[in-house]
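[1] Pasting the sequence and the predicted model now:
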Amino acid sequence: MNFNLSKCPSRLALLVASTAALLLVAGCSDEEDYSDLSYIEKYTKDGWIPLFNGKNLDGWTVKFRNHEVGDNVLDTFRVENGMLTASYDNWEKFGDEPYGHIFTNASYSGYKIRVEYRFVGEQVSVPPKLDWAFRNNGVMVHSQSPQSMGKDQRWPLSGEAQLLGGEVTPQTSSLKDKALAIFGYRGRNTANSCSNSTNIVKDGTAITRNCNNSSSPFLTGDQWVTFEGIVSKDGSIKHIINDKIVFEYAELQVDPKDKWGKLWLDNGGPLKLTSGHIGLQAETHPTQFRYIGIKPLDD
C-alpha cells in the first residue's frame, strides 16, 4: 500500500499514535525485581492468600509431557527476581512437544483467583505447527492432579483461561490494522476459554469446541496483565480482565468422548467438575508471573 501521508493527516496521526503506543509497550523492561516480597504482602493485607510465595516453588509440582512427575525439565519453571517464571533460556528446541505445567499441591473450590502475568523474550525455536503457542500461556482450574496424568498426556483435564498476547501477521483488513501491521502487530483476545478433555455449558448448551474467544481488549508486547477468575462452588466460572467480565459459563463437564476424559470417568471421577488443582503452563514462550493468589468465596 502507498500512503501519501502529507495529504492524509488523519492517517499520519494514526501511524504516529500507533507507533508511540507500540514503542511504549515494547520498551517494558524484563529486569523488574519483586524479590523483597512487598508486592505480595500488599495483597495479603487486602485478604488475598498467596499461592506463590515469591521465594521458591514450595507448594507446587511440575509435570512435563513424556517425563515423570516432578521432573522440572531444563529448569524451565523457576523463581527469578521474585517472579514465578516459565523460562526457555536452557532450551535449543522444543523437540517432542514436552508441554509443561506447574500445579498447586492443594485442591480448591469456591474462590476468586488473581494472576498477574506478562510475556517476555523470544519463543523457543519450534516447527510451524506450534506457531499458535507464540505468547500463549494459561491458568488451569478444576484440574486433575499431576500424579493422575498420563505420561504422554499433553494437557491436564481441566478448564483453562487461555492467556494470549498479540502476534505478528501480514493478514489485516481495517485501516487501523493496516497501520498497525507496519509494525508487525495483530491483537488477540486474552482470557479465552479452552476445554482440556472437558466441555463447557453456556446458556444451557454444551459447547464441544475446544477454545472460545472472550470479549477482552486486544493486548500485545511485554505489558503486565491482570487476570481474575470467579470459580464458584456451583460450577460456574467467570473470566475477568481489567475488572470486566469477558467470558463466563455455567458448568465444566468431563468429555466422555475424549481419551483422558473417558479414563477419568472410568476411574470413578465426577462428570461435573467443581473443585481441583490450579495450574500454569509452559508452552514455548517465556512468561513471568508476579502475583498468584486466591480469595475464598462466601458460601
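    Right, received. Where do you want to start?

[2] switch to C-alpha atoms for all contacts and neighbour counts from now on
    OK.

[3] The residue most central in space within the chain: which element?
    With distances taken as Cα atoms, centre = their mean, Gly138 lies nearest the centre of the chain, 2.3 Å away. Assigned by DSSP states H and E, Gly138 falls within strand 136-143.

[4] Show me the shaky parts of this protein.
    Across the chain, the ranges flagged by pLDDT under 70 are 1-30, 127-129, 167-187, 299.

[5] Please repeat the previous calculation with a cut-off of 80.
    Along the chain, the parts satisfying pLDDT under 80 run over 1-31, 93, 95-97, 125-132, 166-187, 220-221, 299.

[6] For it, which segments are assigned as helices?
    Here the chain has its helices, by DSSP state H, at 9-26, 38-44, 175-181, 259-266.

[7] returning to that earlier point: quick one: strands adjacent to the strand holding Gly138?
    When pairing is defined by DSSP bridges, strand 136-143 lines up against strand 158-164 (antiparallel), strand 277-282 (antiparallel).

[8] Could you dump those into a markdown table with distance to Leu252 and mean neighbour count added?
    Output for those, formatted as a markdown table (distance: least, Cα to Cα, whole Å; neighbours: other Cα atoms under 10 Å):
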| stretch | distance to Leu252 | mean neighbour count |
| --- | --- | --- |
| strand 158-164 | 7 | 26 |
| strand 277-282 | 14 | 23 |
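
[9] Using a markdown table, lay out those together with distance to Gly70.
    Formatted as a markdown table, these follow (distance: least, Cα to Cα, whole Å):
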| stretch | distance to Gly70 |
| --- | --- |
| strand 158-164 | 19 |
| strand 277-282 | 14 |
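
[10] Nearest to Phe227, out of the ones you listed?
    When the strands paired with strand 136-143 are compared by Cα to Cα, strand 158-164 sits nearest Phe227, at 8.5 Å.

[11] how about the strands of the stretch 101-250 of the chain, start to end?
    Per DSSP state E, counting those that start in this stretch, the stretch 101-250 of the chain carries strands over the ranges 111-119, 136-143, 158-164, 192-196, 198-202, 205-207, 211-212, 225-231, 237-241, 244-249.

[12] So for Gly95, which of these sits nearest?
    The closest of the strands of the stretch 101-250 of the chain to Gly95 is strand 136-143. By Cα to Cα, the value is 17.7 Å.

[13] quick revisit: could I get the strands of the stretch 101-250 of the chain as JSON lines with distance to Gly47?
    Output for the strands of the stretch 101-250 of the chain, formatted as JSON lines (distance: least, Cα to Cα, whole Å):
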{"stretch": "strand 111-119", "distance to Gly47": "11"}
{"stretch": "strand 136-143", "distance to Gly47": "21"}
{"stretch": "strand 158-164", "distance to Gly47": "23"}
{"stretch": "strand 192-196", "distance to Gly47": "27"}
{"stretch": "strand 198-202", "distance to Gly47": "30"}
{"stretch": "strand 205-207", "distance to Gly47": "35"}
{"stretch": "strand 211-212", "distance to Gly47": "32"}
{"stretch": "strand 225-231", "distance to Gly47": "15"}
{"stretch": "strand 237-241", "distance to Gly47": "19"}
{"stretch": "strand 244-249", "distance to Gly47": "21"}
